[in-house]
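Q: Okay, predicted coordinates and the sequence, questions at the end:
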Amino acid sequence: MIKRELIQIESISVEELTEIIAEKLVDKLEKKIATLISTQNDDELLTRTETAKILKVELTTLWSWTKKGKITAYGIGNRVYYKRGEIMKSLIILNR
């Protein structure tokens, strides 16, 4: 259900009102675009080499983590891929 309110505006020019609306619209659009970009990046498929480079580990370590279930791998044919978002979410906070 959409909540609708009546707003009465006094002592403001059309230009000032237009500027306020434009600023709010730009803010909302920037937030929406940032959300879309981050969502697209989360689903981005990475190769084994790209994933190992991001995590700064050798391919053998990446293979070991995949076998242990620490990281989920996806495959098509004989190709192996990892999702960027899942890689980032697999990182854990270390308490010192």
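A: The structure has been received and is ready for your questions. The model shown is predicted, which means the values in this text are computed figures rather than measured ones.

Q: From here on, just use CA atoms for contacts and neighbour counts.
A: Fine.

Q: I'd like the average pLDDT over stretch 83-93.
A: The pLDDT scores in stretch 83-93 average 88.

Q: so how far is stretch 62-70 off the chain centroid?
A: Here the centre of stretch 62-70 is set off from its chain's centre by 24 Å, with C-alpha atoms, centre = their mean, to the nearest Å.

Q: Same question for stretch 86-96.
A: Remark: stretch 86-96 is offset 16 Å from the chain centroid, using C-alpha atoms, centre = their mean.

Q: Can you pull out the low-pLDDT segments for the chain?
A: Applying pLDDT under 70 to the chain flags residues 36-40, 96.

Q: in it, which strand has the most residues?
A: Among all segments of the chain classified by DSSP state E, the strand with the greatest residue count is strand 79-83.

Q: So for the helix or strand following that strand, what gets flagged as buried?
A: The helix or strand immediately downstream of strand 79-83 is helix 84-90, counting by DSSP states H and E. Within helix 84-90, the residues scored as buried using 16 or more other C-alpha atoms under 10 Å are R84, G85, I87.

Q: what's the answer for stretch 63-83, then?
A: Those would be I71, A73, Y81, Y82, K83, for stretch 63-83 by 16+ other C-alpha under 10 Å.
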